[in-house]
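Colleague: for reference, the sequence and a predicted model appear below.
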Amino acid sequence: MGKVAFIFPGQGAQAVGMGKDIYETDSTARGIFDAADAALGFELSKIIFEGPDDELKKTVNTQPALLTTSVAYLELFRAKYGVQPDFVAGHSLGEYSALVAAGVLSFEDAVRTVRARGEFMEQAVPGGLGAMAAVLGAERDALQQLCQAVSKSGSVVELANLNCPGQIVVSGSKEGVQAIVERGKEAGAKRVIPLEVSGPFHSSLMKPASERLAGVLAAVEMSSASVPVVANVTARPVQRPDEVRHLLVEQVHSSVLWEDSVAWLIEQGVDTFVELGSGTVLAGLVKKIDRSVKVHSINSLEALEKFQSETPV
């Protein structure tokens, strides 16, 4: 094995019942879900395992739920295999899971912080005024120019998630995103798909949420990262707590440079990515960025066993 990166999914990867198999069979994993319930003062685990779906989909629940599930798989994976990553990274919310993995944040502080982050993001823009859409097949520069042209007319729309070649998410005002839906072909888009989200995440409209989050993060204790954390905002590694704090605040209203982050990791010699948490979203994106790397999604007991059979540890 060359270098290894642990990667962690963000919002959109959630599913009712995620992590239930490891909760029921492993005390390490159970401890993480129980710690989340204790830190938050309510039964988050009940929402994760039983739903209902629309309750889990609320940003304020989704964010701590995904973090908890990722960290439970992380701890179980570490306990079972002892594999240490050379780098860690997470997609949007997943960056907090990466920071727990790198020892920057305690799990309890992280789960409380992302609960607050979800609340601030939900409240930053009144419902129905913001939107997001996935743009398929457009070139980054052409789409950026189209967004700037639309925004000049007074309807904000910006590049939010640069996921992989041919998949970019735009975010902004309802009118701005609608303009991209209608005019996407001008930037070479094959399809533009409106997303079911509760706000215009990763756009400048989220600045009020960033400001509130800055207040919370200022009071959270952070350590230097034990391994480099590749930040969404810069697609470069950070390790110092002051830098981490600054970038987490920026991240709420900035583009998620996922494609650039993965490309940078591959340049550093990473040839194995281990996705820890619900779903296989990131595995799919990594493969679209570079088919030659190995990707393992650790999202069930079965996947944990499979890792052993596929990988000489």
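Modeller: That came through, no problem.
Colleague: isn't Gly10 up against Ser92?
Modeller: Yes: if you go by CB atoms under 8 Å, Gly10 and Ser92 touch, sitting 3.7 Å apart. The C-beta positions use only the backbone N, C-alpha and C, and glycine is treated the same way.
Colleague: so if I had to pick from those two, which one is more boxed in?
Modeller: Each of Gly10 and Ser92 has its neighbours counted (other CB atoms under 10 Å); Gly10 has more, 27 against 22.
Colleague: mind checking the SS state of that one?
Modeller: coil (DSSP: H, G, I helix; E, B strand; the rest coil).
Colleague: might you report the residue contacts of Phe107?
Modeller: For Phe107, the contacting residues are Ile32, Ala35, Ala36, Ala39, Val71, Val100, by CB atoms under 8 Å, 6 or more residues apart in numbering.
Colleague: closest one to Val216 out of those residues, please.
Modeller: Closest approach to Val216 among the contacts of Phe107 (CB to CB): Ala39, at 13.8 Å.
Colleague: for the closest residue to that closest one other than its chain neighbours, what are its contacts?
Modeller: Closest residue to Ala39 apart from its sequence neighbours, by CB to CB, 6 or more residues apart in numbering: Glu108 at 4.2 Å. Contact analysis of Glu108 by CB under 8 Å, 6+ apart lists Ala35, Ala38, Ala39.
Colleague: circling back to that earlier point, which neighbours do Gly10 and Ser92 have in common?
Modeller: The contact sets of Gly10 and Ser92 overlap at Val256 (CB under 8 Å, 6+ apart).
Colleague: could I have stretch 128-144 exported to PDB, CA atoms only?
Modeller: C-alpha atoms of stretch 128-144 as PDB (Å, rounded to 0.1, in the frame of the first residue of the first chain):
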ATOM      1  CA  GLY A 128     -37.800  29.200   0.100                       C
ATOM      2  CA  LEU A 129     -35.500  32.100  -0.700                       C
ATOM      3  CA  GLY A 130     -32.300  30.000  -1.300                       C
ATOM      4  CA  ALA A 131     -31.700  27.000  -3.600                       C
ATOM      5  CA  MET A 132     -29.000  24.700  -4.900                       C
ATOM      6  CA  ALA A 133     -28.700  22.600  -8.100                       C
ATOM      7  CA  ALA A 134     -26.300  20.000  -9.500                       C
ATOM      8  CA  VAL A 135     -24.800  21.000 -12.900                       C
ATOM      9  CA  LEU A 136     -23.600  18.000 -15.000                       C
ATOM     10  CA  GLY A 137     -21.200  18.300 -17.900                       C
ATOM     11  CA  ALA A 138     -20.200  22.000 -17.600                       C
ATOM     12  CA  GLU A 139     -16.600  23.300 -17.500                       C
ATOM     13  CA  ARG A 140     -15.700  25.000 -14.300                       C
ATOM     14  CA  ASP A 141     -14.600  28.300 -15.900                       C
ATOM     15  CA  ALA A 142     -17.600  28.600 -18.200                       C
ATOM     16  CA  LEU A 143     -20.000  27.900 -15.400                       C
ATOM     17  CA  GLN A 144     -18.200  30.400 -13.200                       C
END
